[in-house]
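Participant: the following comprises the amino acid sequence and a computationally predicted model.
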Amino acid sequence: MAEDQAIKHFQELVSSDLTIVDPTSIQIRANALVARLKALNRNANAATRACKQATTEARHDMDQTHLGLQNLLYEKRHLEREIDKCRQFASIYQDVPLYSLSEFRTLAPPEARSDDVLQNVHQLMLNRLSFELVERQRLDQKRKELTAQKEELLKHSKLKLATVESVKTQIESLMKAAADIQKRVDELVPALPPSTATTPAPT
């Protein structure tokens, strides 16, 4: 390396016999070697700084990568917990009594029970729920209509019952009036004596 060569030159310069070497030459060589060492030192310092900078940047990149990995792991755990919650979620549709699959195939509209739908479990359940909703709405409307008819019949029945009660009351009043009249007639007209029987004359 360049540093080793410069040190070797210094050692040769120091160990040389100064009595046979020109001092000026030694001074020149020494100055050149010192300048060389200074340059090498500057280069070494620059390389050290560059290495530290590269190490800092690499450490920063590694920290960022590690942080990103931690965030991904956290997000993964969060998603796994949410998935578990969804799997454990008991939806109300599971407690809704539905038409059986055979009834659905018979009663549902053709577009709701096509071959593609029957092969798709999720879409089939959605269509069954939709059909159930439509059927319940239809039956509820029918129930309301029948309830209205029942109320109307009850209303007419009550009116007829009231009419019958009124007629019954009038008949009872008439019967009572007739009984009173008959009683007064009986009081005004004396009872006729019983007729005597006549014996036929002998022939």
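Facilitator: That came through fine. Numbering: from 1, shown residues only.
Participant: alpha carbons only for contacts and neighbour counts from here, please
Facilitator: Will do.
Participant: where in the protein is pLDDT low?
Facilitator: When residues are selected by pLDDT under 70, those of the chain lie in 1-23, 26, 90-94, 190-203.
Participant: top helix in it by residue count?
Facilitator: helix 121-188 (DSSP state H).
Participant: and that helix, what does it pack onto?
Facilitator: If you count contacts as 3 or more CA pairs under 8 Å, 6 or more residues apart in numbering; DSSP states H and E, helix 121-188 packs onto helix 115-119.
Participant: can I get the helix it packs on in PDB, CA atoms only?
Facilitator: Taking C-alpha atoms only, helix 115-119 is exported to PDB below (Å, rounded to 0.1, in the frame of the first residue of the first chain):
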ATOM      1  CA  ASP A 115     -77.400 -22.700 -13.400                       C
ATOM      2  CA  ASP A 116     -74.700 -20.100 -12.800                       C
ATOM      3  CA  VAL A 117     -76.500 -19.000  -9.600                       C
ATOM      4  CA  LEU A 118     -76.900 -22.500  -8.400                       C
ATOM      5  CA  GLN A 119     -73.200 -23.200  -8.800                       C
END
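Participant: for that helix, which outside residues touch it?
Facilitator: Contact with helix 115-119 is made by Q123, L124, as judged by CA atoms under 8 Å, 6 or more residues apart in numbering.
Participant: centre of the chain to the helix or strand that contains R87, how far?
Facilitator: For R87, the host element (DSSP states H and E) is helix 23-88. Centroid separation for helix 23-88 versus its chain: 49 Å, with CA atoms, centre = their mean, to the nearest Å.
Participant: for stretch 160-172, same thing?
Facilitator: Its chain's average C-alpha position is 63 Å from that of stretch 160-172, according to CA atoms, centre = their mean.
Participant: stretch 160-179 now?
Facilitator: 68 Å.
Participant: keeping just the C-alphas, turn it into PDB.
Facilitator: This file holds the C-alpha atoms of stretch 160-179, laid out as PDB (Å, rounded to 0.1, in the frame of the first residue of the first chain):
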ATOM      1  CA  LYS A 160    -126.600  -6.700  11.300                       C
ATOM      2  CA  LEU A 161    -126.500  -7.700  15.000                       C
ATOM      3  CA  ALA A 162    -127.500  -4.300  16.000                       C
ATOM      4  CA  THR A 163    -130.400  -4.400  13.500                       C
ATOM      5  CA  VAL A 164    -131.500  -7.800  14.800                       C
ATOM      6  CA  GLU A 165    -131.300  -6.600  18.400                       C
ATOM      7  CA  SER A 166    -133.400  -3.600  17.400                       C
ATOM      8  CA  VAL A 167    -136.000  -5.700  15.700                       C
ATOM      9  CA  LYS A 168    -136.000  -8.100  18.700                       C
ATOM     10  CA  THR A 169    -136.500  -5.100  21.000                       C
ATOM     11  CA  GLN A 170    -139.400  -3.800  18.800                       C
ATOM     12  CA  ILE A 171    -141.000  -7.300  18.700                       C
ATOM     13  CA  GLU A 172    -140.800  -7.600  22.400                       C
ATOM     14  CA  SER A 173    -142.300  -4.100  22.800                       C
ATOM     15  CA  LEU A 174    -145.100  -5.000  20.300                       C
ATOM     16  CA  MET A 175    -145.800  -8.300  22.200                       C
ATOM     17  CA  LYS A 176    -145.900  -6.500  25.500                       C
ATOM     18  CA  ALA A 177    -148.200  -3.900  24.000                       C
ATOM     19  CA  ALA A 178    -150.400  -6.600  22.600                       C
ATOM     20  CA  ALA A 179    -150.500  -8.300  25.900                       C
END
